[in-house]
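[1] sequence plus the predicted model coming up.
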Amino acid sequence: MKSLVPLLLVAFSLTAHAAPSPFETSPEAQTPFLGPPGDLFRDKATEWLDDAKKAILKGKSNMEKWFHDGREYIKQDGLLYEYVTHPTFTNYNLRVTEPKLCDTTVKQHSGYLDIAEDKHLFFWFFEARTAPEDAPLVLWLNGGPGCSSSTGLLFELGPCNIANEGKNVTSNPYSWTNHANVIFLDQPVNVGFSYADDGTTVSSSPVAGEDVYAFLELFLNRYPQYSKTPFHIAAESYGGTYAPNFASIIFKANKNLEAKPDPKLKHINLASIVLANGLTDPYIQMGSVADYACNGPFPVYDDPEGPQCQALRSKIPTCQRLIKACYNFNSRFTCVPAVAYCNSQLMGPLIQTGLNPYDVRRTCDRAEDKDGPLCYKQMQWIESWMNEPAIKTALGVDPSKHFASCNMEVNQAFTLNGDGMHNSALLLPELVDAGVRLLVYAGNADMMCNYMGNERWLGELQSKFLQEFQHAKAQPWKTAETGHTAGEFRSAGGDGHTAGNVTFVNVYKAGHMVPYDQPEAALDLFTRWIKDAPLA
């Protein structure tokens, strides 16, 4: 049986829009299709590499570098990049280009963070549609481990949605880029367009976090205008493990910088962490599996006291005992058995029901010509679009590189390291007590990282807001645009005048990918959070 870890994972969203011709406007938006298919698109892509760039590249050898107007440039794989270095991070550099895809109304940057010349992380940045100079900077991370942030970009919260079997994209009116500058980062190496020259991969969240911090420093030094506003890390699914680790590294780097100022380094204004249907405290979250499956709002089994539910509950003590050993000894020899047992004995029977584990309101036919192995056929649409040579060229990607939405080898490396069974919640109290705000939200139809377990671990987080959060009663949350009751929330800190310091949101009628299932509600929640505005 294949590892079930990928099912904790992935952050996909779908587009519910029918696709008109590439020359029409979508009914939901006033902007035309962005990225026409076929030969027409390839012809237009050649225009983006204008005559000036062609002239610059002509005669240059591969990997040749030169200066122009105070900036350094490099030719690599026949593509032109600005080349960005930093004296403190001698093993890192950025290669940057400026695509005109997805949302041509905003400034974009894409390219690679090169690490020691053999590892390369792909990123794609979009400026905010509204007042980018004042908008916060957001780093969005998808889960997996091993799944590309482009799935979040094109399925959920990015400025465009994949459409028409991957032949084109439509404008997303509910994009989080409406009010935020957003970086979509493919990490670790070998995820999405990221790659390693020697095939090696990263297998732990703390190691991955060091590269992410270096990326942010190089990016913010090159584009200092984005360093002056608040910075938020938002991460989905396995991102519930990534984000606490990455935020902790940034937080400690900031403290070191305060103690020993360095004008070459940017203080990263870490304002908040947003965990979306995440895996953060496996001991508590695995302990909630039977409660959700048997007594949740969308019960998997008809009888909460029946044999299936009894069997499920009987496996939880062993699962939690193994996870506790992982917590205590923090080694792959104790953590890998926890991954293997809990996934096979708790999640395995639920997967075998034929339900979509990301949305138990739906069934899942895993055949390639049906829903696909991860229950969403639109995954193949993204791969079709991203693998168009013209798309790659515009993004600064070597056309010979192949894009895959998820890399199961990376997933397996993290699994065999036991990374997903660590208690990442332990990293959060220090940050929360220092003023870094924490939002945890979850769609109530998600079975993989269910809302019950997420609310429970947050209710035991040992921060100075613990008692207030434990005594906080759930309140209805209504969207500002339509007044629709989108869910309920509990919050501590802020005395009701802000979005809170520790906040949990249960999103109604949404699965693992909340921005796909409830786009208006997700944007409302995100916008209020980054503006620190009350949810009620």
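    Sure thing, it's come through.
[2] surely residue 356 meets residue 370?
    No: taking contacts as CB atoms under 8 Å, residue 356 lies outside contact range of residue 370: 11.7 Å. Bear in mind the C-beta positions are built from the backbone N, C-alpha and C, glycine included.
[3] these two: who's more crowded?
    residue 356 (24 against 11; other CB atoms under 10 Å).
[4] output the contacting helices and strands for the strand or helix carrying residue 233.
    Of the helices and strands defined by DSSP states H and E, residue 233 is found in strand 231-236. Judged by 3 or more CB pairs under 8 Å, 6 or more residues apart in numbering; DSSP states H and E, the packing partners of strand 231-236 are strand 137-141, helix 239-259, strand 270-276.
[5] ok, the spatially closest residue to residue 295 that is not a sequence neighbour - how many residues close by?
    The spatial neighbour of residue 295 that comes closest, neighbours along the chain excluded (CB to CB, 6 or more residues apart in numbering), is residue 304 at 5.2 Å. Taking other CB under 10 Å as the neighbour definition, residue 304 ends up with a count of 16.
[6] could I have the lengthiest helix in the chain exported to CSV, CA atoms only?
    Residue-count comparison of every helix in the chain, with assignments taken from DSSP state H, identifies helix 307-329 as the longest. Included here for helix 307-329 are C-alpha records, laid out as CSV according to Å, rounded to 0.1, in the frame of the first residue of the first chain:
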residue,chain,number,x,y,z
PRO,A,307,-18.0,-1.8,14.8
GLN,A,308,-16.2,0.5,12.4
CYS,A,309,-16.2,3.3,14.9
GLN,A,310,-15.2,1.0,17.8
ALA,A,311,-12.3,-0.4,15.7
LEU,A,312,-11.2,3.1,14.9
ARG,A,313,-11.3,4.2,18.5
SER,A,314,-9.4,1.1,19.6
LYS,A,315,-6.4,2.1,17.5
ILE,A,316,-6.0,5.6,18.9
PRO,A,317,-4.1,4.6,22.2
THR,A,318,-1.4,2.8,20.3
CYS,A,319,-1.1,5.6,17.7
GLN,A,320,-0.8,8.2,20.5
ARG,A,321,1.7,6.1,22.4
LEU,A,322,3.9,5.9,19.3
ILE,A,323,3.6,9.7,18.7
LYS,A,324,4.5,10.3,22.4
ALA,A,325,7.7,8.3,21.9
CYS,A,326,8.4,10.5,18.8
TYR,A,327,7.9,13.6,20.9
ASN,A,328,10.1,12.4,23.7
PHE,A,329,13.0,11.1,21.7
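[7] so for that helix, mean pLDDT?
    The predicted model assigns helix 307-329 a mean pLDDT of 98.
[8] and it, what's buried?
    308-309, 312-313, 315-316, 319-320, 322-323, 325-327 (16 or more other CB atoms under 10 Å).
[9] quick check: which ranges of this protein have low pLDDT?
    Applying pLDDT under 70 to the chain picks out residues 1-52.
[10] which residue ranges of the stretch 401-536 of the chain form strands?
    437-443, 475-478, 485-492, 502-507 (DSSP state E, counting those that start in this stretch).
[11] now the angle from the last one to strand 485-492?
    Going back to what we said before, that points to strand 502-507. With axes from the mean of the first three to the mean of the last three CA atoms, to 10 degrees as the criterion, the two stretches strand 502-507 and strand 485-492 enclose an angle of 160 degrees.
[12] roughly how far is strand 502-507 from the heart of the chain?
    When C-alpha coordinates are averaged (CA atoms, centre = their mean, to the nearest Å), strand 502-507 and its chain have centres 18 Å apart.
[13] tilt between it and strand 270-276?
    30 degrees.
[14] can you list the strands that strand 502-507 pairs with?
    strand 437-443 (parallel), strand 485-492 (antiparallel) (DSSP bridges).
[15] any idea which of the ones you listed is most buried?
    For the strands paired with strand 502-507, ranked by mean neighbour count under the definition mean count of other CB atoms under 10 Å, the leader is strand 437-443 at a mean of 27.
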